[in-house]
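*Asks:* Test case, fold it:
(chains A, B, C and D)
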Number of protein chains: 2
Amino acid sequence: MQNAVMTRSRTAPRLDESLLNNVPPFSKLDSRQIREILDLASSRRYDEGVAVFEEGHDADRFYMLLDGYIRVVRITPGGEQVIALHIPSGQLFGIARALGRTTYPATAITAAESIALSWPTRLWDQFTAHYDGFATETYKTVGTRVGEMNTRIMEMATQQVEQRIANALLRLINQTGRKVATGIEIDFPITRQDLSEMTGTTLHTVSRTLSAWEKQGLVASGRKRITVSDPHQLVLLANAAR
Amino acid sequence: MQNAVMTRSRTAPRLDESLLNNVPPFSKLDSRQIREILDLASSRRYDEGVAVFEEGHDADRFYMLLDGYIRVVRITPGGEQVIALHIPSGQLFGIARALGRTTYPATAITAAESIALSWPTRLWDQFTAHYDGFATETYKTVGTRVGEMNTRIMEMATQQVEQRIANALLRLINQTGRKVATGIEIDFPITRQDLSEMTGTTLHTVSRTLSAWEKQGLVASGRKRITVSDPHQLVLLANAAR
DNA sequence: GGCCCACCTTGCGCTGGCGCAACAAGAATG
DNA sequence: CATTCTTGTTGCGCCAGCGCAAGGTGGGCC
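*Replies:* Predicted structure coming up:
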């Protein structure tokens, strides 16, 4: 599964400081500090569908997604996948240390071709101690993700499948949407199967639901591609009382 | 809802140091440090069914549960409750700061009569900076809870109602079980409704399921009381392939 | 002791969504 | 450009679990 094409920064030209300038965990730092951090980083490109790290393995590195998208997944004993989160570029991931863990709690798979920086986990304490705002911002990230998980639990406990799919789509276009002529498109390849793994249903039901919405002009979709043309209507659907 | 009976430590005798001696976030501290921490704490007793703090309110204090049980709940716009977690004694809660938040993300309700210490949130940074192990241990707590939430998402996405109820029961007896003659009893009052709010189903289905298990001798239950007599069998049920 | 209220049980009919199955339509590969 | 693979669509039958409704039971309170 792992792809052979990769580049370590040690052999490549120095990374540009602008990469981290506007990224929350590093935004309070001055140019010298960012230089230090970049010099310690490895940079690497990942093909689509490749695992960056896997659930249960030693958390020996933590990551910062520069470009692309990451899907955080868990596999049941029975082999079914569940998608826990999507991570857009500009965010840290694989930060087991922030949760007091020594192994990764889930698997990270690229949803599109991606580029990520990474550092050895032993630098984590150094980062939190020396770099102003790093700790605070990472805990905010954790907090946001916890909030998202919480919301999903509520949705799964109380909502109908149709509402859950609507909510999942809305979350995706909020986090990773790209404006196009006909609406907002999800900016990485996503299958019905993926959506079903995000909402705890089957690809059949997702397919049927999207077909129905397409007929109503709410969405336009094709192979691995979904465009929401009427977000407002989708919000109404998502909040519809049972 | 809030109960009138309460005691602030400031007016009561000094709290005993043994209270925090074996509690993970404080276990590495010496007697002098524990004294300092206790002198800053307020202690208070809560009746069963009382809200300690509420979702969305300013996170002005953080808490340590000395005795009793806490239910962490969220309410949907439609008014339905979902139980996110149970917190047993000896754990911190209301630690919005550890998630970079300024408001509580959920409501904490006592599941039984409880006693908790609390400190103003402005002391949080002081605690994490000065007290060895405090930060590490609290992030472990966060990590554990994130793991639990994650597991619940997986269960809700992939398992049948019966398995989810079995898993919820097993989690409860692991965290808060008390050995009795006929098995392991959940150590605080719990209704079918509560279980349904933990598993995303209805009290009817929970009632039917428990009745069936009772006939098979797996559990014994009464009003607000559940005893698991055959945990092993329950584990088999929880893991049963669809 | 008797009333009331909160909690629990159970029967019955209905339906949302699943599982199966067969097929369609691009994309990728040689 | 033929073949194969992956992804998406749709019809159909079925059933787990829900909603409704009616009734039971134990505890707390006047």
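*Asks:* Can you find the helix or strand in chain A with the smallest mean pLDDT?
*Replies:* helix A:18-21 (a mean of 89; mean pLDDT, DSSP states H and E).
*Asks:* Mind checking the pLDDT average for the helix or strand just after it?
*Replies:* Using DSSP states H and E, the helix or strand that follows helix A:18-21 towards the C-terminus is helix A:31-40. Averaged over helix A:31-40, pLDDT sits at 94.
*Asks:* Other residues contacting helix A:31-40?
*Replies:* Residues from elsewhere that reach helix A:31-40 (C-beta atoms under 8 Å, 6 or more residues apart in numbering or on different chains): A:9, A:14-15, A:17, A:19-21, A:26, A:29, A:117, A:119, A:123, A:127, A:130-131. C-beta here means a position set from N, CA and C on the backbone, and glycine is covered the same way.
*Asks:* Go through those residues and name the one nearest DNA strand C.
*Replies:* residue A:117 (28.0 Å; C-beta to the nearest atom of the strand).
*Asks:* quick revisit: now do the least confident helix or strand of chain A: distance to the chain's middle.
*Replies:* For helix A:18-21, the separation from the chain centroid amounts to 19 Å (computed by C-alpha atoms, centre = their mean, to the nearest Å).
*Asks:* For it, which helices and strands make contact with it?
*Replies:* helix A:31-40 (3 or more C-beta pairs under 8 Å, 6 or more residues apart in numbering or on different chains; DSSP states H and E).
*Asks:* buried residues in the helix it packs on?
*Replies:* A:33, A:34, A:37, A:38 (16 or more other C-beta atoms under 10 Å in any protein chain shown).
*Asks:* Also stretch A:55-68?
*Replies:* Here stretch A:55-68 shows A:59, A:61, A:62, A:63, A:64, A:65, A:66, A:68 as buried, counting by 16+ other C-beta under 10 Å.
*Asks:* returning to what we had before: now, of the contacts of helix A:31-40, which are buried?
*Replies:* By 16+ other C-beta under 10 Å, the contacts of helix A:31-40 give A:9, A:15, A:17, A:19, A:20, A:26, A:29, A:117, A:119, A:123, A:127, A:131 as buried.
*Asks:* Please identify which of those is nearest to DNA strand D.
*Replies:* Set against DNA strand D, the nearest of the buried ones among the contacts of helix A:31-40 by C-beta to the nearest atom of the strand is residue A:117 (28.0 Å).
*Asks:* what's the closest non-adjacent residue to residue A:59?
*Replies:* Excluding its sequence neighbours, the residue lying closest to residue A:59 (C-beta to C-beta, 6 or more residues apart in numbering or on different chains) is residue A:96, at 3.6 Å.
*Asks:* The one you found against residue A:105, yeah?
*Replies:* Yes: counting by C-beta atoms under 8 Å, residue A:105 is a contact partner of residue A:96 at 6.7 Å.
*Asks:* near chain B, anything from stretch A:69-81?
*Replies:* Yes: applying C-beta under 8 Å from any C-beta of the partner chain, one finds that stretch A:69-81 is in contact with chain B at A:74, A:76, A:77, A:78, A:80.
*Asks:* on that earlier part again, where's the dip in pLDDT among the buried ones among the contacts of helix A:31-40?
*Replies:* Ranked by pLDDT, the buried ones among the contacts of helix A:31-40 bottom out at residue A:9, which scores 45.
*Asks:* Just say helix, strand or coil for the spatially most central residue of chain A.
*Replies:* Centroid-nearest residue in chain A, with C-alpha atoms, centre = their mean: residue A:87, separated by 1.4 Å. Classification of residue A:87 using DSSP: H, G, I helix; E, B strand; the rest coil returns strand.
*Asks:* Skipping its backbone neighbours, what lies nearest it in space?
*Replies:* Excluding its sequence neighbours, the residue lying closest to residue A:87 (C-beta to C-beta, 6+ apart) is residue A:70, at 4.1 Å.
*Asks:* tell me which element that neighbour falls in.
*Replies:* Residue A:70 belongs to strand A:69-75, assigned by DSSP H and E.
*Asks:* Can you list the strands that that strand pairs with?
*Replies:* strand A:81-88 (antiparallel), strand A:107-110 (antiparallel) (DSSP bridges).
*Asks:* buried residues in the shortest one?
*Replies:* Of the residues in strand A:107-110, those buried under the neighbour-count criterion (16+ other C-beta under 10 Å) are A:107, A:108, A:109, A:110.
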